[in-house]
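Undergrad: Provided below are the primary sequence and the corresponding predicted coordinates.
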Amino acid sequence: MADFVGAVDQGTTSTRFMIFDHGGNEIARHQLEHQQILPQAGWVEHNPVEIWERTRAVIETALGKASLTAADLVALGITNQRETTVVWDRRTGRPYYNAIVWQDTRTDRIASALEREGKGEVIRSKAGLPPATYFSGGKIQWILENVEGVREAAGAGHAVFGNTDTWLLWNLTGGRDGGVHVTDPTNASRTMLMNLETLDWDDELLSFFGIPRGMLPEIRPSSNPGLYGVTRADGPLHGEVPLSGDLGDQQAATVGQVCFGVGEAKNTYGTGNFLLLNTGNELVRSRHGLLTTVCYQFGEEKPVYALEGSIAVTGSAVQWLRDQLGIISGAAQSESLARQVDDNGGVYFVPAFSGLFAPYWRSDARGAIVGLSRYNTNAHIARATLEAICYQTRDVVEAMANDSGVRLDVLRVDGGVTANDLCMQIQADVLGVPVSKPVVAETTALGAAYAAGLALGFWSSTEELKRNWNEDRRWLPAWSQERREEGYAGWRKAVERTLNWVDVD
């Protein structure tokens, strides 16, 4: 009998494959990075073929590490970097262009034009999103308008679109030889093209971007008893495994953190930060700069919605210290360097490399380090970087409370940055509430596994999944209220200095 569930976690900087048992415990994993392609300022791309090759490799290696085969897996789930846009030829399987990554800002003029033309409010009402460079719709439009032959190929039914979940599902189920062209509502809700109430592509929204409906994948439930398809025996699993779960990465982390109750929230610390608050079957329209999004849809049940605060640059700011400034040799050193000082020494770092996402949505902003004096050292910059992660989270928590009326009692956290003990302590201090980390910190992959296993009865209910959750570590706030508010006031002042830096038509 198959005793395990596998999950592909296709992220912004790497792809991993993880295998879990019935208790939600990790059995094996393998992870590989892929190239970050930066053709010019503000442009961020990935090679979709490289991502597919990395996916094949991590699946095969993880199975080998655990001495398992496809026959040992009851189901396979996928989770992915959302909004990152791939357009390929369904006849050949070849992408027409590199994947345009969610961080990419080349579509700022498209987003600005939508607002100028009065289409922004329609998009907010129907899709729950503001017109922004972040989402897939503008990226598809850019490819249609700027890559030779794609518009004609789309009209002929040859050019198709998908976020990286769809790209991998298509390849895992056969690619040009019968690959299934599908996605789920959590990914579809990140395109500016899906109606949140119907969970279907919206013709009016498609017309805003000039996108043919035939380019788009079929939308199926996130946990899907009817399956997305079955892996090909000649693929990386070397056998047939049901593909029954698909969730965008932040929704997957919400499921992995078992935030199934209204008002429960989690924050994932990765390349960016993403805080989701479960609002149940109610569509809560944000008035304070957050996104309304689909949290998950299990089978034929009604969709569960969420408010989301998306922050573009958090963990990648630490990578910037390593790769561009060269003041640390690895992410772990950011903690030891920052511990050399007791505070930020008056320095604030606003890492608005891709503009500012929630709750500001300012594509004209750019990064700034402010408050420098000769007293300051690289340790102050390292500490300011960790504080930036935490202050950006507070911006979102404040907006979430204003939208929903819910004040957090505790913040559940996951993702790579949670390994930084100092950063998590600063987060508790900045928010003034406890911060709680689960035993399985890689909840994104776990959530995809849960969605896949629930669909096929490997797990019987969400109540059973809740019993798998266990706390590993809790950080309690130590700052005084006066220090907390003084620090936040300095942060808001620093944010003001980043605005109106880039002229957006």
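TA: Alright, I've got the coordinates. Numbering: from 1, shown residues only.

Undergrad: ok, now which ones touch residue 140?
TA: 85, 87, 161, 191, 209, 211, 215 (Cβ atoms under 8 Å, 6 or more residues apart in numbering). All C-beta spots, glycine's among them, are computed from the backbone N, C-alpha and C.

Undergrad: Now the terminal residues of stretch 238-254, how far apart.
TA: Stretch 238-254 has an end-to-end distance of 31 Å (criterion: Cα to Cα, to the nearest Å).

Undergrad: quick check: mean pLDDT across that stretch?
TA: Stretch 238-254 shows a mean pLDDT of 93.

Undergrad: Quick check: buried residues in it?
TA: For stretch 238-254, the neighbour count (16 or more other Cβ atoms under 10 Å) marks 238-239, 241-254 as buried.

Undergrad: Residue 151 contacts residue 145, doesn't it?
TA: Yes - shown here, residue 151 and residue 145 form a contact pair, counting by Cβ atoms under 8 Å, at 7.4 Å.

Undergrad: Between the two, tell me which one has more neighbours.
TA: Between residue 151 and residue 145, counting by other Cβ atoms under 10 Å, residue 151 is the more crowded of the two (16 against 12).

Undergrad: Report the beta-bridge partners for residue 473.
TA: Note on residue 473: beta-bridge partners residue 437, judged by DSSP bridges.

Undergrad: Which single one of the buried residues of stretch 238-254 is nearest to residue 347?
TA: residue 250 (29.7 Å; Cβ to Cβ).

Undergrad: For residue 504, give me the pLDDT.
TA: For residue 504, the pLDDT comes out at 63.

Undergrad: just residue 63 next, same as before
TA: The model's pLDDT for residue 63 equals 94.

Undergrad: Skip the chain neighbours and tell me the closest residue to it.
TA: residue 69 (6.6 Å; Cβ to Cβ, 6 or more residues apart in numbering).

Undergrad: In this structure the one you found contacts residue 236, no?
TA: No - with contacts counted by Cβ under 8 Å, residue 69 stays clear of residue 236, the gap being 11.7 Å.

Undergrad: More neighbours: which of these two?
TA: Using other Cβ under 10 Å, the more surrounded residue of residue 69 and residue 236 is residue 236, with 22 against 14.

Undergrad: any idea which residue of this protein is furthest from its center?
TA: residue 374 (38.2 Å; Cα atoms, centre = their mean).

Undergrad: Which parts of the stretch 401-505 of the chain are helices?
TA: For the stretch 401-505 of the chain, helices defined by DSSP state H, counting those that start in this stretch occupy the ranges 421-431, 443-455, 462-468, 481-498.

Undergrad: out of these, nearest to residue 348?
TA: helix 481-498 (3.7 Å).

Undergrad: what inclination does that closest one have with respect to helix 421-431?
TA: 100 degrees (axes from the mean of the first three to the mean of the last three Cα atoms, to 10 degrees).

Undergrad: Not counting its own residues, what contacts helix 481-498?
TA: 344, 346, 348-350, 352, 356, 360, 362, 365-368, 370-371, 387, 391, 394, 429-430, 432, 477, 479.

Undergrad: Same check on stretch 56-69?
TA: Contacts to stretch 56-69, defined as Cβ under 8 Å, 6+ apart, come from residues 4, 6, 8, 15-19, 27-32, 70, 235-239.

Undergrad: what about the helices in the stretch 151-300 of the chain?
TA: 164-172, 185-188, 203-209, 249-256.

Undergrad: picking that back up, quick check: the farthest pair among the buried residues of stretch 238-254?
TA: The span of the buried residues of stretch 238-254, defined through Cβ to Cβ, is set by 238 and 254 at 32.2 Å.

Undergrad: tell me the SS of residue 57?
TA: helix (DSSP: H, G, I helix; E, B strand; the rest coil).

Undergrad: how near is it to residue 17?
TA: To residue 17, residue 57 is 9 Å away according to Cβ to Cβ, to the nearest Å.

Undergrad: Tell me where the model's unsure across the chain.
TA: 1, 504-505 (pLDDT under 70).

Undergrad: Quick check: the gap between residue 377 and residue 337.
TA: Residue 377 is 9 Å from residue 337, by Cβ to Cβ.

Undergrad: out of these two, which sits in the more crowded spot?
TA: residue 337 (22 against 15).

Undergrad: Next SSE downstream of the helix or strand that that one is a member of?
TA: Applying DSSP states H and E as the criterion places residue 337 in helix 333-338. Following helix 333-338 in sequence order, the next helix or strand is strand 348-350 (DSSP H and E).

Undergrad: and the helix or strand just after that following strand, which strands flank it?
TA: Per DSSP H and E, the first helix or strand lying C-terminal to strand 348-350 is strand 368-370. Strand pairing for strand 368-370, determined by DSSP bridges: strand 348-350 (antiparallel).

Undergrad: Contact partners for residue 229?
TA: 169, 172-174, 179-180, 182, 243.

Undergrad: Right, I'll call it a day here.
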